[in-house]
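Colleague: model this:
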Amino acid sequence: MLRVLGNQKTVCDGFSRRELLQVGGLGMLGLNVEGFLRQQAAQGQTTAGASSFGRAKSCVLLYLYGSPSQLELADLKPDAPIEIRGELGGIASSLPGLDVCELMPHSAKVMDRMTVVRSVTHPHPIHGVAFALTGIPTIDVGMELSPRHPAHHPYIGSVVDYFDRRRGGQSQFEAPRHIALPFPFSSQREGEVPRAGLNAAFLGNAYDPIWTEFHGTATDSIFKKLGAKERTIFDPYMGVTPESRLAIAAATEMPAELTIDRLNRRRSLLDQFDAARRRSDESKTAQGFDRERQMAYSLISSTKVRDALDLSRESAAMRESYGMTLFGQSSLTARRLIEAGSKFVTVVWDEYGLAGMGWDTHWNHYERMRRELMPSFDKALYGLITDLDTRGMLDETLVLVLSEHGRTPQINKASGGGRDHWSKVYSVMMAGGGVKRGNIVGASDKIGGEVADRPVSPKDILATAYHLLGIDLDSTMPDRTNRAIKIVDAEVVPEILA
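Modeller: Residues are numbered from 1 along each chain as shown. Next comes the predicted model:
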């Protein structure tokens with residue numbers, strides 16, 4: 001910085017005469033008064049944000065695969081032409097100055113407890129789940145459809161798990177540190193290969209999320225299509241029976257005839273054989289297998305996780321407050337798992353039945369928003385934020401609502417109207433765990449097509465989450481060749497911090 005000597009006298013705005021002379025000098029270097037004030041404010045926020053480091057003891061990440069439209073979430077453009085603003089109007093929320101989609105009457109009540117970032121932007125308008133959720137610096141379609149591509153970086157939940165184990169956090173065998181719901185990512189669709197983004201990459205299989213499986217019955221159906229494929233599908237994201245449940249593979253169910261003593265004898269025999277193998281093979285894959293087997297034994301012999309997954313222990317009113325849908329009941333399960341001791345819980349709104357589903361609304365946009373998507377999301381978000389806050393858990397539980405991009409401002413000509421991929425600007429939501437309440441960061445332009453103020457990268461969102469979870473951004477992890485890799489190349493967004 002160009003410094004100018006002078007008297008340290010303060011003027012009316014609280015800046016010294018010397019500082020104002022510095023601003024004048026900085027003009028020669030291309031930094032105007034507005035830029036100087038912005039820099040000063042950011043420095044002040046960063047200093048104040050130091051107290052937010054590690055405020056979040058756990059995290060629930062709600063991931064909306066396919067990506068909702070920013071214009072029909074919390075960045076409405078009521079004055080834009082009809083072909084931009086679309087058919088849906090807005091309603092006032094509990095946060096003054098923030099209207100939300102008319103299909104979000106429940107979530108509107110909790111926006112005063114959240115931060116909405118309206119200026120997230122990046123250059124990859126593909127389903128770059130890995131780009132949104134890992135430190136990988138770039139992405140392409142080939143990598144997105146190759147979950148085990150060697151260039152991938154670990155999922156944020158895997159990174160949190162890795163550092164929590166290094167700090168000696170709660171044993172994953174008491175409750176899985178890192179668990180994901182409701183079923184393995186992209187496993188319930190047909191038509192395409194699995195997608196990347198939700199595994200531990202070079203950290204090894206031991207840090208992959210523990211996935212649940214859904215056992216239940218959908219109560220409602222919707223018409224879906226993918227190219228020439230057209231069918232009506234009963235979809236659990238639209239509704240499930242009260243008896244429907246989640247379980248960790250078959251590990252949480254032990255046959256009645258298999259006693260703990262018999263189980264332990266089997267384990268002892270296997271351990272004798274495996275000891276020799278481990279002496280000759282200490283690869284990450286082998287270590288991952290050993291940890292997964294130990295996890296399976298622990299889950300079989302303990303009721304803690306089974307109890308957390310058992311939603312019959314909740315009242316009918318509590319279950320209904322989250323919505324009797326797969327996403328709603330998974331979000332309630334996430335709260336129960338956090339209470340049981342899990343560190344990072346992911347709830348994915350995934351494709352079901354066919355590819356090109358979830359929030360990927362290229363066609364029939366408004367019917368799907370009204371019937372399939374918004375009602376379930378609205379109640380689940382409201383239920384989670386309200387429940388965590390009522391229980392005194394929100395201040396220590398970080399809640400993230402993320403997706404891979406936004407959707408086009410211009411409505412397309414597809415059947416039923418649609419919005420296509422758009423990554424130039426979109427919105428994310430955050431709450432709890434050191435996040436400022438009742439807060440809007442950044443802005444888009446008048447049609448929701450470009451960033452108008454304060455661009456934020458999805459990597460900056462990850463960096464902010466790491467900061468809140470107590471992981472220093474200079475931290476590194478060993479890749480497959482033991483090179484030290486930064487967790488993410490980004491910066492904390494100070495405006496998000498409480």
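Colleague: Quickly list what the residue nearest the centre of the chain is bridged to.
Modeller: For the chain, the residue nearest the mean C-alpha position is residue 61 (3.6 Å; CA atoms, centre = their mean). For residue 61, the beta-bridge partners under DSSP bridges are residue 346, residue 400.
Colleague: quick one, what contacts it?
Modeller: Residue 61 is in contact with 156, 157, 344, 345, 346, 347, 399, 400, 402, counting by CB atoms under 8 Å, 6 or more residues apart in numbering. Heads up, the C-betas are built off the backbone N, CA and C, glycines and all.
Colleague: The first one is in contact with residue 464, isn't it?
Modeller: No - in this structure, residue 156 sits apart from residue 464 without contact. The criterion is CB atoms under 8 Å, and the distance is 11.2 Å.
Colleague: Could you dump the contacts of residue 61 into CSV and include distance to residue 316 and pLDDT?
Modeller: Output for the contacts of residue 61, formatted as CSV (distance: CB to CB, whole Å; pLDDT from 0 to 100):
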residue, distance to residue 316, pLDDT
156, 34, 98
157, 31, 98
344, 29, 98
345, 23, 98
346, 26, 98
347, 21, 98
399, 24, 98
400, 29, 98
402, 30, 98
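Colleague: Look up how far residue 447 lies from residue 424.
Modeller: From residue 424 across to residue 447, the span is 11 Å (CB to CB, to the nearest Å).
Colleague: Comparing those two, which residue is more hemmed in?
Modeller: The residue with more neighbours, out of residue 424 and residue 447, is residue 424; 20 against 17, by other CB atoms under 10 Å.
Colleague: Could you pull up the residues touching that one?
Modeller: 121, 125, 406, 449, 450, 451.
Colleague: gap between it and residue 450?
Modeller: From residue 424 over to residue 450 the distance is 6 Å, taken as CB to CB.
Colleague: those helices in the stretch 51-200 of the chain, which residues are they?
Modeller: Under the criterion DSSP state H, counting those that start in this stretch, the stretch 51-200 of the chain carries helices at the ranges 82-85, 129-133, 141-144, 156-166.
Colleague: Give the helix, strand or coil label for residue 440.
Modeller: Assigned state for residue 440: strand (three-state reduction, DSSP: H, G, I helix; E, B strand; the rest coil).
Colleague: what about it, how many neighbours?
Modeller: Here the count is done by other CB under 10 Å, and residue 440 has 20 residues near it.
Colleague: now residue 67
Modeller: A total of 26 residues lie near residue 67 under the criterion other CB under 10 Å.
Colleague: Pretty sure it sits against residue 402.
Modeller: No - if you go by CB under 8 Å, residue 67 and residue 402 don't touch, sitting 9.6 Å apart.
Colleague: Low-confidence stretches in the protein?
Modeller: Segments of the chain classed as low confidence (criterion: pLDDT under 70) are 1-49, 169-173, 191-192, 249-302.
Colleague: coming back round to it: distance check, the residue nearest to the centre of the chain against residue 342.
Modeller: Taking CB to CB, one finds residue 61 at 12 Å from residue 342.
Colleague: re earlier: just name the most buried of the helices of the stretch 51-200 of the chain.
Modeller: Among these, helix 129-133 has the highest mean neighbour count (mean count of other CB atoms under 10 Å), at a mean of 27.
Colleague: and that helix, how far out from the chain's middle?
Modeller: Distance of helix 129-133 from its chain centroid, counting by CA atoms, centre = their mean, to the nearest Å, is 10 Å.
Colleague: What lies in contact with it?
Modeller: Contact with helix 129-133 is made by 63, 65, 122, 124, 136, 138-139, 143-144, 152-153, 155-156, 185, 195-198, 402-405, 458, 462, as judged by CB under 8 Å, 6+ apart.
Colleague: about what we covered before: for the contacts of residue 424, which entry has the maximal number of neighbours?
Modeller: If you count neighbours using other CB under 10 Å, the busiest of these is residue 406, which has 28 neighbours.
Colleague: how much space between that residue and residue 68?
Modeller: Taking CB to CB, one finds residue 406 at 8 Å from residue 68.
Colleague: Next: residue 433.
Modeller: Computed as CB to CB, the residue 433 to residue 68 distance reads 23 Å.
Colleague: try residue 379
Modeller: Going from residue 379 to residue 68 by CB to CB gives 15 Å.
Colleague: Likewise for residue 329?
Modeller: Distance, residue 329 to residue 68, using CB to CB: 20 Å.
Colleague: And for residue 350?
Modeller: Computed with CB to CB, the distance linking residue 350 and residue 68 is 14 Å.
Colleague: For the strand or helix carrying residue 387, buried residues please.
Modeller: Using DSSP states H and E, residue 387 sits within helix 374-390. When burial is assessed from 16 or more other CB atoms under 10 Å, helix 374-390 yields the following buried residues: 374-389.
Colleague: what does stretch 75-94 give?
Modeller: Buried, per 16+ other CB under 10 Å, within stretch 75-94: 75, 76, 77, 80, 84, 85, 86, 88, 90, 93.
Colleague: The third one: what's it in contact with?
Modeller: This means residue 77. With contacts defined as CB under 8 Å, 6+ apart, the neighbours of residue 77 are 71, 84, 85, 409, 446, 447, 448.
Colleague: Please identify which helix or strand holds the last one.
Modeller: Assigned by DSSP H and E, residue 448 belongs to neither a helix nor a strand.
Colleague: and residue 398, what is it in contact with?
Modeller: By CB under 8 Å, 6+ apart, the neighbours of residue 398 are 56, 58-60, 430-435, 465, 468-469.
Colleague: same thing but 7 Å
Modeller: The neighbourhood of residue 398, defined by CB atoms under 7 Å, 6 or more residues apart in numbering, consists of 56, 59, 432, 433, 435, 465, 468, 469.
Colleague: And for residue 238?
Modeller: With contacts defined as CB under 7 Å, 6+ apart, the neighbours of residue 238 are 218, 220, 222, 325, 372, 376.
Colleague: how about 6 Å then?
Modeller: Residue 238 is in contact with 220, 372, counting by CB atoms under 6 Å, 6 or more residues apart in numbering.
Colleague: Check the one 3 residues further on too.
Modeller: When the contact criterion is CB under 6 Å, 6+ apart, the partners of residue 241 are residue 217.
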